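**Q** below: sequence and its predicted model.
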Amino acid sequence: MQVSQRPVIVLDRVTKVYPLPAGDVVALNNISLTINEGEFVTIMGPSGSGKSTLLNQIGCLDVPTSGDLSLNGRDVRAMNDRELTDLRLTTIGYIFQKFNLIPLLTAYENVEYPYLMKHRKNDDTGHVRRLLSQVGIDEALATHKPPELSGGQQQRVAIARALVNDPAILLCDEPTGNLDSQTGIQIMEVLAGLHRRGRTIIMVTHERDIAAYAERTITIRDGRVA
Amino acid sequence: MIGKDILFRLSVRSVRLHLLRSILAALGIVIGVVAIAAMGMMGANMTLSVTEDLSKMANILVVRAYTGGGGGFIGPGGGGSRVVGSSQASDEEMITEDQFRDIDRIAGSYGTVYYVYTQSDTIEIGDRRGRATIIGLDPDVVPEILELADGEYPKSTTSVVIGPRLVDRFALKLGSKLDIGDPDEGTTTTVRVVGILPERGMTLDLNTDSAIIGSDKLYTGIYGGEGEYDQVTIAVDNLDEVATVKEEILAQLNRKEEEVTVQDSSRILESITSTLSTMTSFVMAIAGISLMVAAVSIFNVMMMSVTERVREIGILRSIGTQKSDVRRMFLYEASILGLVGGGIGAVMSLVIGYMVVLGMVGTTEFFFAGESLWYIPFAMAVGITICIISGVYPAWQASNLDPIEALRAE
């Protein structure tokens, strides 16, 4: 577990406000934190605490109302939609609670999709196949579409998809939330293995035993770091 | 290249997933394309057919009295007919005997000059009644200008030759008797069929297919108006002299004031072609309405597709798909519907267009001419374009979905 001191994610007084007719909702309130390269960090907190909002800011699906957020040394707030989308494609790998595979594509195509979007050509290096076998999906399973796979298999495919463009940051939003505990442990083993090989992982969860896989836990309450 | 595009693959699979819905939407495009192509081809075939008919008439000049305005349109039985029952037409200019002599003097040496009396009237065969064009001609001229399919030329004032459509309609044959005039309004004249004309189609000089042709004496005996002709026709022997004859007649008869107008086939052709083209555009515009309906249906299907795939769009966006790529995916889907609909429509246009042309124009001689077949790719292009345009808004809406909101959709 080699943790360098190079910061990958830096939040400086990040605030996110959702304007609603009934009054503004402050989802994130003045959050400052730094995550270094190679760290495995868990974000915990009760529902509504703002942990998903925080993950969306780091995942570039949303931009902060105020404060500074930089990923890999780049200022996110100054970026337009095209640049943010490009960042999501190349720098961030997203793993969701509900797997979020594309139902019309096979497992293989799901993994190849971000590769195609980045390189604008098919993968002829065997990279996609290697990733699938790393997460335990064999060639026969890879030809199936997501609805034909079990939850655990779908999440394995989703992990392979998140890794295909070799992102600097892996974001996991309750990655075991839709899985039974046995499968959940298998998925966590996969993530732990990735961390051992130096991947930066930020994971949102509310399960303590899942959070135990991480080396640092950040607790969020009412939009603040507790 | 495009087949390798994963977004194209996604679009194809989305269309296939909702096959029935997609087929129904594409069917609208099929109908629109067929309607536009068939109507366009019908117009083109009519124009080509008329052009050929009239180019056979390039040596014909028709002289009518100047009426101050547009004058008569096509041949006898059109604007040139007098009101039935009035022996003297006071409301219409005719060619006088003097004018006819002048024309004959000028043009006689270039070809055959003859006068034509014509009008539409009731006829009665046994107890069956109908209408026909009655034409009166100089009996000496008839053999020169008309061929017979059967029988002989009329020699007396009670014998006539008739056009083939009358033969079909009233089951007439040589020797049949028919009455000209309306018995409710007084006198009728009985004539006997001695000759039958072949089908001549549309012509510039005389439209004989539904006509009864008798001598000038028979005509003036019924309607009066001797020496007042509806038109004077000149069949010029040498095509190169048509323009000269026309100019000379105009120069001499219209020296003091406008007395006559001279029509040649080129003017008529221009006028018919322009009328046909207006008509074709109009009918095609009506056919275009079916494409508008199809566009609404495509739009509807595309909006449904966007709504159903909101979550998928959210996933695509969250893992790094650009807005432009999402737009492209939905435009592909609209294009697939357009291409399938347009392609099937094009094939069906060939079949249905052929039947429409056969039914409406009567001949498919010109069906495979470029001017006619051109409407197939034209209609197909219109159909595909309309499909793509219908997909623009849904695609734009899909690409502008907020990824976070879209991911929350179930």
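**A** Noted; the coordinates are in hand.

**Q** interface residues of chain A facing chain B?
**A** With CB under 8 Å from any CB of the partner chain as the criterion, chain A comes near chain B at residues A:56, A:59, A:61-62, A:81-82, A:85-90, A:92, A:94, A:96, A:100-105, A:109, A:112-114, A:116-118, A:122, A:161-162, A:165. Quick note: C-beta positions are derived from backbone N, CA and C, even for glycine.

**Q** just the buried members of the residues you listed?
**A** When burial is judged by neighbour count using 16 or more other CB atoms under 10 Å in any protein chain shown, the buried members of the residues of chain A next to chain B are A:56, A:59, A:61-62, A:85-90, A:92, A:94, A:96, A:100-102, A:104-105, A:109, A:112-114, A:116-117, A:161-162, A:165.

**Q** next step: those residues restricted to helices.
**A** Among these, the residues falling in helices (DSSP state H) are A:56, A:85-90, A:109, A:112-114, A:116-117, A:161-162.

**Q** you'd agree B:Val116 is up against B:Gln231?
**A** Yes. Counting by CB atoms under 8 Å, B:Val116 does reach B:Gln231; the two are 4.9 Å apart.

**Q** who has more neighbours, these two?
**A** When B:Val116 and B:Gln231 are compared on other CB atoms under 10 Å in any protein chain shown, the one with more neighbours turns out to be B:Val116, at 26 against 23.

**Q** can you verify that one is assigned to a helix?
**A** No. When classified by DSSP: H, G, I helix; E, B strand; the rest coil, B:Val116 is found to be strand rather than part of a helix.

**Q** C-terminal to the helix or strand hosting B:Val306, what's the next element?
**A** Per DSSP states H and E, B:Val306 falls inside helix B:265-308. Beyond helix B:265-308 on the C-terminal side, the first helix or strand identified by DSSP H and E is helix B:310-318.

**Q** and for that following helix, what's in contact with it?
**A** When contacts are taken as CB atoms under 8 Å, 6 or more residues apart in numbering or on different chains, the neighbours of helix B:310-318 outside the stretch itself are A:59, A:61, A:85, A:88, A:94, A:100-104, B:306, B:323, B:325-326, B:329, B:398-399, B:401, B:403-410.

**Q** 6 Å - rerun?
**A** Counting by CB atoms under 6 Å, 6 or more residues apart in numbering or on different chains, the neighbours of helix B:310-318 from elsewhere in the structure are A:61, A:94, A:100, A:102, B:326, B:398, B:401, B:403, B:406-407, B:409.

**Q** farthest pair in those residues?
**A** A:Tyr94 and B:Ala398 (19.9 Å; CB to CB).

**Q** who touches the closest residue to chain B within chain A in this structure?
**A** Checking chain A residue by residue against chain B with CB to the nearest CB singles out A:Leu89 as nearest, at 2.5 Å. Each residue near A:Leu89 by CB under 6 Å, 6+ apart is listed here: A:117-118, B:320.

**Q** closest to B:Glu97 among the residues you listed?
**A** A:Met117 (90.5 Å).

**Q** enumerate the residues of chain B near chain A.
**A** B:6, B:10, B:13, B:312, B:315, B:318-320, B:322, B:403-404 (CB under 6 Å from any CB of the partner chain).

**Q** flag the least confident of these.
**A** For these, the minimum pLDDT belongs to B:Ile6; the value there is 88.

**Q** B:Tyr229 pairs with what?
**A** Applying DSSP bridges to B:Tyr229 yields these beta-bridge partners: B:Ile95.

**Q** A:Pro103 reaches A:Glu148, doesn't it?
**A** No. If you go by CB atoms under 6 Å, A:Pro103 and A:Glu148 don't touch, sitting 10.1 Å apart.

**Q** A helix includes B:Val232, no?
**A** No. With three-state DSSP as the criterion, B:Val232 is strand rather than part of a helix.

**Q** what about it, distance to chain A?
**A** The spacing between B:Val232 and chain A, counted by CB to the nearest CB, to the nearest Å, is 78 Å.

**Q** show me the contacts for that residue.
**A** The contact partners of B:Val232, taken as CB under 6 Å, 6+ apart, are B:63, B:95, B:100, B:103, B:115.

**Q** and these, which of them are buried?
**A** B:63, B:95, B:100, B:103, B:115.

**Q** what's the closest of those residues to chain A?
**A** For the buried ones among the contacts of B:Val232, the closest approach to chain A (CB to the nearest CB) belongs to B:Val63, at 74.8 Å.
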